[in-house]
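Asks: With the input below, show me the fold.
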Amino acid sequence: MLSQAQERGLISADSRGMIEGVLRVADMTAGDVMIAAPRMDLIDIGAPIEDILNQIIDIAHSRYPVYEGDRENIIGVLMAKDLLKLQRAPELHLKALLRPVIFVPESKRLTDLLRDFRNNRNHLAIVVDEFGRIAGLVTIEDVLEEIVGEIEDEFDNQNENGDIYTLVDRSFRVDGDVNVQRVNQAFGVQLQPDSDEEFDTIGGLIAHHMGRVPTRGETCELSGLRFEVMLTRAGAVKWFKVRPLG
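Replies: Just a heads-up that it's a prediction; the model follows:
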């Protein structure tokens, strides 16, 4: 019916896509869209504040689950902007800045979860399995992207190229879907695959070189560049941290 409505000019292609997204979301659960527990970016409440700040700067999320002792013991959510309060009151303990954490089952429908996000003004929830163990996390952005497609935020497009960014420590953040030739031009190198295969994206080239899709924190050195995985999403590298060697 939607296809016929588009063909007759009753709705646009964008409208059709959003309606299909809404229908798709109605049958999905938190477990379908969550970021799996091993790939979650967590903050250790016992870590030095300098290490926490560096982690937040490198990853550039706005919210972080915080654990104490064990990664299963999530005690709250830290908003990056709340750390500014430490500048005014350095005697504050990090626990005083934590927001309550919301736990939801894997089976929770996305329509219900979106309603909860809206009503409770939360943007992040921790997903637990049937045994009460941490299965992953889901954000309001994850839910909305199932309806409207990929949402780019201010960290996803900071210059006209929209793919390579300079970080405060003089390293670079490179999107995983950046064209290999773009990386070659930006860093003055000649990245080449070790086979006759050609790869369009730097993420594809690195995955081929390592024989698998790398996980967060893993590194790879190619053509005088050191690639460190900053963030993965949906089985692919979202961001690399790149630093020239030597």
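Asks: isn't Val180 right up against Gly203?
Replies: No - in this structure Val180 lies outside contact range of Gly203 using Cβ atoms under 8 Å: 9.7 Å. Where you see a C-beta, it was placed from the backbone N, CA and C, and this is true even at glycine.
Asks: The two: which has the busier surroundings?
Replies: Gly203 (25 against 20; other Cβ atoms under 10 Å).
Asks: Pop the domain breakdown of the chain in here.
Replies: 13-148, 164-244 (automatic domain parsing).
Asks: so which of the ones you listed comes closest to Gln4?
Replies: Closest to Gln4 of these is domain 13-148 (Cβ to Cβ; 10.3 Å).
Asks: for this protein, what's the longest helix?
Replies: The single longest helix within the chain, with elements called by DSSP state H, is helix 13-25.
Asks: and that one, which residues are buried?
Replies: Buried residues in helix 13-25, counted by 16 or more other Cβ atoms under 10 Å: Gly17, Ile19, Gly21, Val25.
Asks: With distance to Gly136 as extra columns, can I get the residues you listed in CSV?
Replies: Listed next are these as CSV, based on distance: Cβ to Cβ, whole Å:
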residue, distance to Gly136
Gly17, 26
Ile19, 28
Gly21, 21
Val25, 17
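Asks: so where do the helices sit in the chain?
Replies: So, for the chain - with DSSP H - the helices run 2-7, 13-25, 30-33, 49-59, 85-88, 110-120, 140-148, 180-187, 202-210.
Asks: wait, which of these is closest to Ile134?
Replies: That would be helix 30-33 among the helices of the chain, by Cβ to Cβ, at 12.4 Å.
Asks: Show me what the closest one is packed up against.
Replies: helix 110-120, strand 124-128, strand 134-139, helix 140-148 (3 or more Cβ pairs under 8 Å, 6 or more residues apart in numbering; DSSP states H and E).
Asks: possible to save those as TSV with mean pLDDT?
Replies: Output for these, formatted as TSV (pLDDT from 0 to 100):
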stretch	mean pLDDT
helix 110-120	90
strand 124-128	95
strand 134-139	92
helix 140-148	80
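Asks: I'd like a version of the ones you listed in CSV, one that adds mean neighbour count and distance to Glu7 as further columns.
Replies: As requested, the helices and strands packed on helix 30-33 are exported to CSV (neighbours: other Cβ atoms under 10 Å; distance: least, Cβ to Cβ, whole Å):
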stretch, mean neighbour count, distance to Glu7
helix 110-120, 15, 29
strand 124-128, 23, 39
strand 134-139, 22, 35
helix 140-148, 16, 22
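Asks: Distance to Arg8 added to the ones you listed, as TSV?
Replies: What follows is the helices and strands packed on helix 30-33, written out as TSV (distance: least, Cβ to Cβ, whole Å):
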stretch	distance to Arg8
helix 110-120	29
strand 124-128	40
strand 134-139	37
helix 140-148	23
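Asks: of these, which approaches Thr215 most closely?
Replies: Using Cβ to Cβ, those put strand 134-139 closest to Thr215, at 14.3 Å.
Asks: and the closest one, how far from the chain's centre?
Replies: Between the centre of strand 134-139 and the centre of its chain there are 12 Å (Cα atoms, centre = their mean, to the nearest Å).
Asks: quick check: angle from it to strand 124-128?
Replies: 160 degrees (axes from the mean of the first three to the mean of the last three Cα atoms, to 10 degrees).
Asks: these two touch, right, Val101 and Leu78?
Replies: No - taking contacts as Cβ under 8 Å, Val101 lies outside contact range of Leu78: 10.1 Å.
Asks: Could you tell me which residues touch both of these two?
Replies: Pro65 (Cβ atoms under 8 Å, 6 or more residues apart in numbering).
Asks: For those two, indicate the residue with more neighbours.
Replies: Leu78 (24 against 17).
Asks: Which residues does that one form beta bridges with?
Replies: For Leu78, the beta-bridge partners are Tyr64 (DSSP bridges).
Asks: Perfect, I'm done here.
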